[in-house]
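J.: Coordinates for the following, if possible.
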Amino acid sequence: MTKIFLLTGGAVLLYMTGWFIAARVRDRNDIADVAWGLGFILAALVSLAAAGEYSPRALLVTGLVAVWGLRLAAHIHFRNRGKGEDPRYRKWREEWGSAFVLRSFLQVFMLQGVLLLLVAAPVTYVNAAPYAPFTVLDALGALVWLVGFLFEAIGDLQLSRFLRDPANRGKLMTFGLWRYTRHPNYFGEVTLWWGIWLFAAAVPGGWMTVAGPLAITFLILKVSGIPMLEQRYEGRADFQEYKRRTSAFFPLPPRS
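T.: Below is the predicted model:
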């Protein structure tokens, strides 16, 4: 088990180093967002191959991670294509000055690799564990994953269509899933990782990987997800009204 975690960790950190080099060549760090989803696929495949078990649960979890990672990477790639660097990364570029290259390597790519490994811990554990029959936790995990995946995918699709319409320039997206939560895509991502953890919890000792879904929940709710995104809109009257009546995270009926 330990060897598989170490092999997976080494592969992911080497992978992120490659993306750091690509970022230097392209002179834009926001390609790290594309690397995020694909990195989970790499972690799943490396841990699966290193274990050599290929149990039905491991194959299912690896497949679910692949579907999620490919969709997310494609969505971010096409969203950013033809645009300048994401404002978050551009701001760091300006703030870091002469230390930009080193801090980019450590604080963007290596840190993301470490966080990726932490969030993916349930996947690595499932792939490394000996065969165990499916349980009700697996069925519940699949259902929770599906709910999360649909929220993220549909939320992203609705927002993309909204932004493509020139008539919506400067407006806020406030309908569809966005009527019930200000961040359906973030809610979906957190939810699907709790679904993946339920698969791990079905394996003896797998509950200990709960640090994975806890980490992605904390990051999105308190660090790089909702706080950083909403900071851009503070001070706008339309956003304050939207914020007043719409749940920040959990989907709820709009407040009157």
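J.: Just to check, Arg244 is in contact with Arg255?
T.: Yes: assessed by CB atoms under 8 Å, Arg244 is found in contact with Arg255 at 6.9 Å. For the C-beta atoms, the positions are set from N, CA and C on the backbone; glycine is no exception.
J.: Distance-wise, check the residue lying closest to Leu198 once chain neighbours are set aside relative to Gly148.
T.: In space, and not counting its chain neighbours, Leu198 is closest to Gly141: 3.2 Å by CB to CB, 6 or more residues apart in numbering. Distance from Gly141 to Gly148, counting by CB to CB, to the nearest Å: 11 Å.
J.: Compare these two (neighbour count), which wins?
T.: Between Gly141 and Gly148, counted using other CB atoms under 10 Å, the more crowded position is Gly141 (28 against 21).
J.: Is that one in contact with Trp197, as I believe?
T.: Yes: Gly141 is within contact range of Trp197, at 7.4 Å (criterion: CB under 8 Å).
J.: Give me the contacts around the host helix or strand of Gly18.
T.: Using DSSP states H and E, the element containing Gly18 is helix 2-26. Helix 2-26 is contacted by residues 29, 31-32, 35, 39, 42-43, 46-47, 50-51, 101, 104-105, 108-110, 112-114, 116-117, 120, 124, 127-128 when judged by CB atoms under 8 Å, 6 or more residues apart in numbering.
J.: mind giving me the domain ranges of this protein?
T.: 1-131, 134-256 (automatic domain parsing).
J.: okay, those in a markdown table with mean pLDDT next?
T.: Output for the domains of the chain, formatted as a markdown table (pLDDT from 0 to 100):
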| stretch | mean pLDDT |
| --- | --- |
| domain 1-131 | 95 |
| domain 134-256 | 95 |
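J.: which residues sit in contact with the most centrally placed residue in the chain?
T.: Taking CA atoms, centre = their mean, the centroid of the chain lies closest to Glu189, which sits 5.8 Å from it. By CB under 8 Å, 6+ apart, Glu189 lies in contact with Gly148, Glu152, Ile216, Ile220.
J.: CA atoms only: put the helix or strand harbouring Leu117 into CSV for me.
T.: Taking DSSP H and E as the criterion, Leu117 maps to helix 111-119. Taking C-alpha atoms only, helix 111-119 is exported to CSV below (Å, rounded to 0.1, in the frame of the first residue of the first chain):
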residue,chain,number,x,y,z
LEU,A,111,1.4,22.8,-4.1
GLN,A,112,-1.3,21.8,-6.5
GLY,A,113,0.4,18.4,-6.9
VAL,A,114,0.4,17.9,-3.2
LEU,A,115,-3.2,18.9,-2.8
LEU,A,116,-4.1,16.7,-5.7
LEU,A,117,-2.6,13.7,-4.0
LEU,A,118,-4.4,14.5,-0.8
VAL,A,119,-7.8,14.8,-2.5
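J.: Correct me if wrong: Arg90 contacts Lys83.
T.: No: using CB under 8 Å, Arg90 makes no contact with Lys83, being 11.2 Å away.
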